[in-house]
Each structure stands twice: as structure tokens, then as C-alpha cells.
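Participant: Structure of the sequence below:
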Amino acid sequence: MNERDCLQKIRNLGVRLQELELARPQPGKSYTSLALDFLFKEHQLERPTGAPLEYTLRTLGKALMERHQLKFQRLDATAIVDYFCRFYRVH
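Facilitator: Numbers count the residues shown, from 1 in each chain. Take a look at the predicted model:
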């Protein structure tokens, strides 16, 4: 998946989190940022600032693998985003 599609999925995740009333959008922040902030906060991690999307998502994925003993077939941005989209039932 290219970065644009990945960002769109993360945005959809942010919209879903708002629908579920798990996160509230803040003025000036995008749904994409809302979703990433929520995921890092939810898993008690510090979100890397100024890092590329791929690195940010891999950081999140590695921490999840360690804490929850998850096993990804491949640890890339697509796999991590797909995991959260399935978990929160984003279509």
C-alpha cells in the first residue's frame, strides 16, 4: 500500500474512533493525527515527532508485539494499519 492509501486508512480509523467516542478531535488536528495520538496514548507509548510515517507505525507495531506478544507475518506500515482497522472494525 502506498503512503497516501495508508494515510487514508488511518484517517478512517480516526473517524471511527470518534464514532465510538474513544477520541475527540481537537481544533486544528486531522483525523489522522487523532488516530495516531490515540493509539500511542492507548498503548502508553510516546509518539515520535517529526518521524516518517513508516517509522512511526513500525515503532507502534514493535511495542505492541513486545507487550502483547503479537505475531505479524510482516511488520510494515500496511500490516500495522490493517491490524488496527480490523480491531476497531474500520471499513
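
Participant: contacts and neighbour counts: CA atoms only from here.
Facilitator: Noted.

Participant: In terms of helices and strands, where is Thr32?
Facilitator: Per DSSP states H and E, Thr32 falls inside helix 31-42.

Participant: List the contacts of whichever helix or strand comes after that helix.
Facilitator: Using DSSP H and E, the helix or strand that follows helix 31-42 towards the C-terminus is helix 53-68. Residues from elsewhere that reach helix 53-68 (CA atoms under 8 Å, 6 or more residues apart in numbering): 3, 40, 43, 45, 47-48, 70-72, 75-77, 80-81.

Participant: at 7 Å instead, please
Facilitator: Applying CA atoms under 7 Å, 6 or more residues apart in numbering, the contact partners of helix 53-68 are Phe40, Pro48, Leu70, Lys71, Leu75, Asp76, Ala77, Ile80.

Participant: quick revisit: for the helix holding Thr32, name the packing helices and strands.
Facilitator: Here helix 31-42 touches helix 3-19, going by 3 or more CA pairs under 7 Å, 6 or more residues apart in numbering; DSSP states H and E.

Participant: picking that back up, for the contacts of helix 53-68, work out which two are farthest apart.
Facilitator: Farthest-apart pair in those is Pro48 and Lys71; separation 22.7 Å (CA to CA).

Participant: what comes up buried for the worst-scoring helix or strand of the chain on mean pLDDT?
Facilitator: The helix or strand of the chain with the poorest confidence is helix 53-68; it has a mean of 87 (mean pLDDT, DSSP states H and E). Neighbour-count burial for helix 53-68, counted by 16 or more other CA atoms under 10 Å, picks out Thr56, Leu57, Arg58, Thr59, Leu60, Gly61, Lys62, Ala63, Leu64.

Participant: next one: stretch 64-83
Facilitator: Of the residues in stretch 64-83, Leu64, Asp76, Ala77, Thr78, Ala79, Ile80, Val81, Asp82 count as buried by neighbour count, 16+ other CA under 10 Å.

Participant: Name the residue closest to the centre of the protein, please.
Facilitator: In the chain, the centroid-proximal residue (CA atoms, centre = their mean) is Leu36; its distance is 4.7 Å.
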